[in-house]
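*Asks:* Sequence plus the predicted model coming up.
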Amino acid sequence: MKQNYCKNKSVEKIKQIAEFLKIISEKNRLKILHFLGENTKCVCEICQHLKLSQNLVSHHLKLLKNFGLISSRKEGVKIFYKINKKVTKKYLKLLNKFLNPI
């Protein structure tokens, strides 16, 4: 039974890693994460930096936020986004452990 538990746990970790990689593998989402790594940014700054429409940027931000990689706060009519470092580190650590099992 313990072996089955370990196998199920391993399968779950692989699913998590695959979902993480799927989210960050899209080039615009990866660019957004890189840009947000510098500081908190509003949607308009992200649009200008990536030279993308607000609709497209908002779509990518929604996916990143739903996955937990970024968080947002509203100030007046503007929404500001920043990287959720705790969640990002969790997935990077999980990926690193998976690729370097020691």
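*Replies:* Alright, I've got the coordinates.

*Asks:* what about residue 29, which helix or strand?
*Replies:* In this structure, residue 29 sits in helix 27-36 according to DSSP states H and E.

*Asks:* what's the answer for residue 74, then?
*Replies:* strand 70-75.

*Asks:* Sheet-wise, list the partners of that strand with their directions.
*Replies:* For strand 70-75, the paired strands and their directions (DSSP bridges) are strand 78-83 (antiparallel).

*Asks:* Could you give the average pLDDT over the strand it pairs with?
*Replies:* For strand 78-83, mean pLDDT rounds to 96.

*Asks:* how far off helix 27-36 does that strand point, in degrees?
*Replies:* Here the directions of strand 78-83 and helix 27-36 differ by 90 degrees (axes from the mean of the first three to the mean of the last three Cα atoms, to 10 degrees).

*Asks:* ok, then the element right after strand 78-83?
*Replies:* Next along the chain from strand 78-83, counting by DSSP H and E, comes helix 85-99.
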